[in-house]
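Trainee: Sequence first, predicted model second:
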6 protein chains.
Amino acid sequence: MFEPHTLVVEPILRNALLEDLGRGNDLTTDAIIPESLRSSAKLVAREPGIAAGIAISCGAFALLGDDIEVTIFVEDGSAFSAGQTLAEISGDARAILSGERTALNLLSRLCGIATLTHTLVSTIAGTRAHVVCTRKTTPGLRIFEKYAVRCGGGSNHRFGLDDAVLIKDNHIALAGSIKEAIARIHAHVGHMVKIEVEVDSLAQLRDILDERIDAVLLDNMDVATLCEAVGMVNGRMLTEASGGVTAERILAIAQTGVDLISVGRITHGAASIDIGLDIGS
Amino acid sequence: MFEPHTLVVEPILRNALLEDLGRGNDLTTDAIIPESLRSSAKLVAREPGIAAGIAISCGAFALLGDDIEVTIFVEDGSAFSAGQTLAEISGDARAILSGERTALNLLSRLCGIATLTHTLVSTIAGTRAHVVCTRKTTPGLRIFEKYAVRCGGGSNHRFGLDDAVLIKDNHIALAGSIKEAIARIHAHVGHMVKIEVEVDSLAQLRDILDERIDAVLLDNMDVATLCEAVGMVNGRMLTEASGGVTAERILAIAQTGVDLISVGRITHGAASIDIGLDIGS
Amino acid sequence: MFEPHTLVVEPILRNALLEDLGRGNDLTTDAIIPESLRSSAKLVAREPGIAAGIAISCGAFALLGDDIEVTIFVEDGSAFSAGQTLAEISGDARAILSGERTALNLLSRLCGIATLTHTLVSTIAGTRAHVVCTRKTTPGLRIFEKYAVRCGGGSNHRFGLDDAVLIKDNHIALAGSIKEAIARIHAHVGHMVKIEVEVDSLAQLRDILDERIDAVLLDNMDVATLCEAVGMVNGRMLTEASGGVTAERILAIAQTGVDLISVGRITHGAASIDIGLDIGS
Amino acid sequence: MFEPHTLVVEPILRNALLEDLGRGNDLTTDAIIPESLRSSAKLVAREPGIAAGIAISCGAFALLGDDIEVTIFVEDGSAFSAGQTLAEISGDARAILSGERTALNLLSRLCGIATLTHTLVSTIAGTRAHVVCTRKTTPGLRIFEKYAVRCGGGSNHRFGLDDAVLIKDNHIALAGSIKEAIARIHAHVGHMVKIEVEVDSLAQLRDILDERIDAVLLDNMDVATLCEAVGMVNGRMLTEASGGVTAERILAIAQTGVDLISVGRITHGAASIDIGLDIGS
Amino acid sequence: MFEPHTLVVEPILRNALLEDLGRGNDLTTDAIIPESLRSSAKLVAREPGIAAGIAISCGAFALLGDDIEVTIFVEDGSAFSAGQTLAEISGDARAILSGERTALNLLSRLCGIATLTHTLVSTIAGTRAHVVCTRKTTPGLRIFEKYAVRCGGGSNHRFGLDDAVLIKDNHIALAGSIKEAIARIHAHVGHMVKIEVEVDSLAQLRDILDERIDAVLLDNMDVATLCEAVGMVNGRMLTEASGGVTAERILAIAQTGVDLISVGRITHGAASIDIGLDIGS
Amino acid sequence: MFEPHTLVVEPILRNALLEDLGRGNDLTTDAIIPESLRSSAKLVAREPGIAAGIAISCGAFALLGDDIEVTIFVEDGSAFSAGQTLAEISGDARAILSGERTALNLLSRLCGIATLTHTLVSTIAGTRAHVVCTRKTTPGLRIFEKYAVRCGGGSNHRFGLDDAVLIKDNHIALAGSIKEAIARIHAHVGHMVKIEVEVDSLAQLRDILDERIDAVLLDNMDVATLCEAVGMVNGRMLTEASGGVTAERILAIAQTGVDLISVGRITHGAASIDIGLDIGS
């Protein structure tokens, strides 16, 4: 459940802090708090959830002050309860106050994603299916949100347009046929790139059963059709169910035997977890 | 309801597109779709809402293709219904397909914020109160989300830590007293910066009634206390209610006579509006 | 008199150093001075002035060498005399020599601004007026120059076009009337943004006396007119005198009772203070 | 008198505009001026001077609006009188108003430098000497200021630490001797790099007369000593007078026969030229 | 054989041009050539080869001048002979002269890679094997060099460390066993990521034959061992030969039946193709 | 033989690492190797050569891990033999594995350049001539490659278009005559810029013998003509032979008495030196 590398994380954090610092100062804090004051603060969960991005978020404090120390009490990927302290930050009091909002904005969102993911993952525990995310992420924060999905027990679909192929309805329509679209991919794409094809009917599925592809996305099918599709595929490639995946339906979908269930909502629709920063004590 | 300037918007869009393009290609699209193909597509709302960021989001297509033309059918700030076409994009087919997700990720989020804002604004129509946003925004997207709040009929609180002063509980605690905190601000901050002070009791409020400040944030007070607070202030400064503002409570809060009601949820808790891109036809 | 945050300062310093290092080397220093040589140097004032930006400027040395230590002898905002040592730098000799010009270019300019500001501030000591700067700053260095103004005892006007409103003659002309201009502002701008209006006659001033604005800029008025204007305003809003503020006139202007006197010249017209770097000893 | 290339100019302008636009808007202009309004404006000199950077500065308007047209009436390097129109800008009224301060801040500074340079150049007309600038430039604006010096009839010294060698007193002291310093340079630096050595006495000068160097900087010498120095050098290398060059002394210095007179003040001490932007008509 | 997207290409080109323009000017060209001069030039091959990156490289001219027109006579991926004109550039003469070296530096390198790749691809024509590149590319130019490999008829291995898994000897050693290494990958990596394992003996190969992986890299095996390995794998996964692939050995390697032959030398060891820019006529 | 300054080096290294890390992870390493594992590794030469860029390249490891220590055993500029350990790196095992390829890609290239340069330099030992590089460098890596040339005992020609003048055939043709081209340069370029003119015949050379220039590039002349040219110049300016410089011809060229021999091939045509990273032991 490795985090994105610091070399990639830091510019995003820096950008977020500069968005808040604007022309260079937290006016309120810098006018009121002496430069030399040291303080400590706790990140405390106001509601239960699954931790994601605690170290990443606390990186905001370290970028604002030289002497910041962070102690993390809950590992990313673990559950926390309401009232639990996730981490403690000590050092430059100005840095703690000025970084609070940026750290919380990020952490609340990432814990929200991990928590929603975990709920769905738990719902289908015992089936062979994995919950996977989509590219419906927040512009600029995709690598963080993909990481939060992993923290929640989910698995990642492709990260962008360049690291895997997903042939969708529009590609098929513009290529003329599904087989032509696949042929063009094989002519252009290297052997280390996985290929998935979206189909919306069993007829379309039949057409590609003998193609050299890695996965098929079964789009917006009802449970009965999914069952039949899984049977037709019979292990030739991975099967992914997509579309209309609600908390109510997900177990039934998983029980069809699909390998993957992709849910855009776990990134774009997760409610933030309420987390606060308590100074002192 | 002016948009952020293109000079500021474009780097954010470019960053979002590069996050998706990665090492330089939409493998699927570039392998399947001829470079010369022109096409057109419609951005279609799958559910009703308030428009925000249509031109901004469509800027993604223009950054990907030289000949992209965008026609906008719904003005930002206007309501749209399910099925309504928000805009039409025509030109380079590859640009349309490769830009789809980035444009939709942004637009769905911004319309979601405008729509939730609008709901709350409508609920308190007829009162003197304005719905205002907070700094609980998505890291990297604050200027877009503040704009979406304006599209929904809301008003903006400060944009960062440097453009206005908000003295909060932690500042007061570390300064020793509320009056000392205000004094330090007056000693350091220029005359073009507004000053707001957060209080959580009528006792605290009484302490600052004669201070030269622009607004008071009445934090987490019940409706009766808010009423009393508004009476005490009696127009000396703006009054802002904050904390626990639900759809159910907001009208009662507004009816206390406060000038402003700040709601973090309109940015961090708004559900995305489902918008799709329909190619062709 | 807080400095801009390091997170904002450092990229500007880095840019300035790269402008001088070009393709990567101080040819003279790197060819002549051994990499291992340690040295020390003093920043010495060649003429009296007010300190501004000593720590900021010495940041240039620290960016060039790992082991640089800086000891500051004169606090920003304090007066220094000719011959006085402002700071001492010790460590990597190459870093000291290569950073000298960048540090001095910045420091001389900032002390110049603080010194001129201080002269004007002293001239009007005992009046209620504050000396404030304008946006007539050096492109790329505004936050440093605004800080130098504070070091000199002046106060800051708005930092840019986005953090406060200043309705000027051209805006009024294009809006049709001063009242229409103000109305449009109230329709679009949030409650945390201050509003100032420029007027150039008492007639214009009369028109806005009952508007909900924070300050009025009394442009290019003679002392008698300023007196009358201050009387008319009578504390309803802040009054700012602007235009033709010379060292000779400033006291008379201050004695009219205006709250603020803005002087573009303190940033764009301040003479640099001569400061040198003395190696060794 | 070629301008720096657009590829280099544009990022500096963009940075300057973003410094003013902050979080994306000229609040005043965008609230008051309709997006569709076209307008025109003239850049008018309020005092006489020498033009420098008109096209560069007007680039600010073009970056803010798509349809900006600029007509330049005074070539860079030419004299203008008070009241003369330097250029006319037409197009997007918002772009004109929002870009005004950035363009003027830059243009006033550059014309100031060209004008002061020109005064000194004129003073020594008829002598063999050239007025040259130093590295005492504004951090971030060096290439603009070096260009303004050329516009004023001056010539450029080295642009940074990497494009030419200037051995100064500190280098000599740390190397042990002037000959050792020169030897180290010859051992490390390529044949396309010019080498200048600073001397502050005739004794020092005598030591380097037979060295393979391109120029000698005669530092802080009185006119009689300069005369003698020029005679000693006798054309073996270029001679540059430096230090204490005032408007009063410069002709006498030039008449000593030196090839170059460097004046730090033409960049760091030039008074801005007052230039205004007149909207409409 | 799609090119990397312009959005990704342009910053690399811009960086390359700024490396050459330095402080903003081609001194020679700008001093000698009038700004208004239009000219034309041909990119002419001095030796035969395979085209790669012609449009990309000519983008350098377009970034330097507004009116540059480029006509391409040889498609990327096609062969050209000595003396053949690859493209013609017309427009701003300064842009053509200033951009020449950057464009040629890039184009010569990319054509060199395509040409070497093509030689190897031709040598093994008729076998099932594909020539693939490695990560032994020039820092900063990987996406260009990977594209040049495609132009030469080769295929791309993974683009970086994040888009595919390649378990190498060091990973295996540190994990304890090859099976443990693979198990950790399956526990952490999503379903759209391909997995390849490096083995250097048939014993190691035997250990992984039943693992769920996509490819095996047969490192530094002789032809007989490769033959045996291919037989053992028997289509369960892709086979890649690597190490010691010379022009002499490649056909024998291909005839073992491996699917892929990776050759680091096609990117890091390709000789540049001599291409010149002929002005005028 | 000073290295480019860290301030310039680091962004290039960072860019190279990000090119490899992509969306933030070395998937293989991060999945298999525990975050806490420390390790050590040696950079070992697989073939003899001249060292260049060891510290620079090892900077890649330090950017990836906090605790990396590098011990360098071979100084840049020294010869190493096959099997020799160039440096040892210890610390964060993930950083060592993830940085390996970037460090080796850079180091192999730079050592290759130094080695080829050294071969040519050795061949002409005892003559007065210096081997110099050209601008035929890898886009983005010029300052590294110029440094590698110095490590190999060569000398650097100009670094870009802005730090020295080189009048070439196209400039002469467009200026009308060689004298006119030189005159334009003298009219525009400062005294710290060296001027070289390219000639391709003795007739052309004769035309410039009395011009005030620093060097003449004798392009593509045979040895006899070079001899005659050197005699004609007779020490008035530096002479540089260029074009068709092979390992076989270079001694004969050097013996003509030219001062400089420029060889594009030492940067664009050098074969990489095979260097490996051996983990552990």
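Mentor: It's in. Numbering: from 1, shown residues only, chains lettered A, B, ... in the order given.
Trainee: how long is stretch A:181-199 end to end?
Mentor: Using CA to CA, to the nearest Å, the end-to-end distance of stretch A:181-199 comes out at 13 Å.
Trainee: Also stretch A:32-50?
Mentor: Using CA to CA, first and last residues of stretch A:32-50 are 36 Å apart.
Trainee: try stretch A:33-41
Mentor: 15 Å.
Trainee: Return the residues of the stretch 1-150 of chain A in contact with chain E.
Mentor: Within the stretch 1-150 of chain A, the positions adjacent to chain E are A:1-2, A:130, A:132, A:150 by CB under 8 Å from any CB of the partner chain. All C-beta atoms are positioned from the backbone trio N, CA, C, and that covers glycine.
Trainee: List the ones among the residues you listed that fall in strands.
Mentor: The strands, defined by DSSP state E, take in A:130, A:132 from the residues of the stretch 1-150 of chain A next to chain E.
Trainee: Out of the residues of the stretch 1-150 of chain A next to chain E, which comes closest to chain C?
Mentor: Nearest to chain C among the residues of the stretch 1-150 of chain A next to chain E: residue A:2, at 26.9 Å, using CB to the nearest CB.
Trainee: OK, contacts around the closest one?
Mentor: By CB atoms under 8 Å, 6 or more residues apart in numbering or on different chains, the contact set of residue A:2 is E:188, F:25, F:30-31, F:35.
Trainee: if we go to 10 Å?
Mentor: The neighbours of residue A:2, taking CB atoms under 10 Å, 6 or more residues apart in numbering or on different chains as the test, are A:147, A:150, E:188-189, F:24-27, F:29-31, F:33, F:35, F:94.
Trainee: How about residue A:118?
Mentor: Going by CB under 10 Å, 6+ apart, residue A:118 touches A:49-50, A:52, A:77, A:79, A:131, A:149, A:151-154, A:266.
Trainee: Output the residues you listed in TSV; the columns should cover secondary structure.
Mentor: Below are the contacts of residue A:118 laid out as TSV (DSSP: H, G, I helix; E, B strand; the rest coil):
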residue	secondary structure
A:49	strand
A:50	strand
A:52	coil
A:77	coil
A:79	strand
A:131	strand
A:149	helix
A:151	helix
A:152	coil
A:153	coil
A:154	coil
A:266	helix
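Trainee: of these, buried ones?
Mentor: Buried members of those, counted by 16 or more other CB atoms under 10 Å in any protein chain shown: A:49-50, A:52, A:77, A:131, A:149, A:151-154, A:266.
Trainee: Phi and psi next, for the closest residue to chain D within the stretch 1-150 of chain A.
Mentor: Going by CB to the nearest CB, chain D is nearest to residue A:22 of the stretch 1-150 of chain A, at 6.4 Å. Here is the backbone geometry of residue A:22 (degrees, to the nearest 10): phi 50, psi -120.
Trainee: Now do it: how many residues are near it, please.
Mentor: Per other CB atoms under 10 Å in any protein chain shown, the neighbour tally for residue A:22 reads 24.
Trainee: quick one: the helices in chain A?
Mentor: Counting by DSSP state H, chain A has helices at residues A:6-21, A:27-32, A:54-64, A:93-123, A:142-151, A:169-175, A:178-188, A:202-208, A:223-233, A:250-254, A:265-268.
Trainee: Next, the angle helix B:6-21 makes with the first one.
Mentor: Think helix A:6-21. On the basis of axes from the mean of the first three to the mean of the last three CA atoms, to 10 degrees, helix A:6-21 is oriented at 160 degrees to helix B:6-21.
Trainee: residues near residue A:252, how many?
Mentor: Residue A:252 - counted by other CB under 10 Å - has 14 other residues nearby.
Trainee: do the one 3 residues further on as well
Mentor: Neighbour count of residue A:255, defined by other CB under 10 Å: 16.
Trainee: So it sits against residue A:125, correct?
Mentor: No. Applying CB atoms under 10 Å, one finds residue A:255 not in contact with residue A:125, separated by 11.9 Å.
Trainee: contacting residues around the residue in chain A positioned nearest to chain C?
Mentor: Nearest residue of chain A to chain C: residue A:24, at 3.1 Å (CB to the nearest CB). When contacts are counted by CB under 10 Å, 6+ apart, residue A:24 touches A:18, A:30, B:161-162, C:2-9, C:12, C:142-144, C:146-147, C:159.
Trainee: I'd like to know which of the residues you listed are buried.
Mentor: Buried subset of those (neighbour count, 16+ other CB under 10 Å): A:18, A:30, B:161-162, C:2-6, C:8-9, C:12, C:142-144, C:146-147, C:159.
Trainee: Any idea which helix or strand in chain A has the lowest mean pLDDT?
Mentor: Every helix and strand of chain A was ranked by mean pLDDT, DSSP states H and E. The lowest is helix A:169-175, at a mean of 92.
Trainee: Is chain B within reach of that helix?
Mentor: Yes. Applying CB under 10 Å from any CB of the partner chain, one finds helix A:169-175 touching chain B at A:169-175.
Trainee: mind giving me JSON lines with these and columns for neighbour count and distance to residue A:88?
Mentor: Below are those laid out as JSON lines (neighbours: other CB atoms under 10 Å in any protein chain shown; distance: CB to CB, whole Å):
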{"residue": "A:169", "neighbour count": "14", "distance to residue A:88": "51"}
{"residue": "A:170", "neighbour count": "23", "distance to residue A:88": "50"}
{"residue": "A:171", "neighbour count": "25", "distance to residue A:88": "50"}
{"residue": "A:172", "neighbour count": "21", "distance to residue A:88": "54"}
{"residue": "A:173", "neighbour count": "13", "distance to residue A:88": "55"}
{"residue": "A:174", "neighbour count": "20", "distance to residue A:88": "55"}
{"residue": "A:175", "neighbour count": "20", "distance to residue A:88": "56"}
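Trainee: Next up, the contacts around residue A:71.
Mentor: Neighbour list for residue A:71: A:40, A:42, A:58, A:85, A:87-90 [criterion: CB under 10 Å, 6+ apart].
Trainee: which stretches of chain A aren't confidently modelled?
Mentor: Along chain A, the model assigns pLDDT under 70 to residues A:1, A:281.
Trainee: Point out the residues in it that sit beside chain F.
Mentor: Checking chain A against chain F by CB under 10 Å from any CB, the hits are A:1-9, A:11-12, A:142-144, A:146-147, A:156, A:159-160, A:162-163.
Trainee: Now with 7 Å, please.
Mentor: A:2, A:4-5, A:7-8, A:143, A:159 (CB under 7 Å from any CB of the partner chain).
Trainee: from those, which single one is nearest residue B:221?
Mentor: Distance to residue B:221 across the residues of chain A next to chain F (CB to CB) is lowest for residue A:143, with 40.7 Å.
Trainee: Isn't the closest one up against residue F:23?
Mentor: Yes. Residue A:143 lies in contact with residue F:23 (CB atoms under 7 Å); the separation is 5.3 Å.
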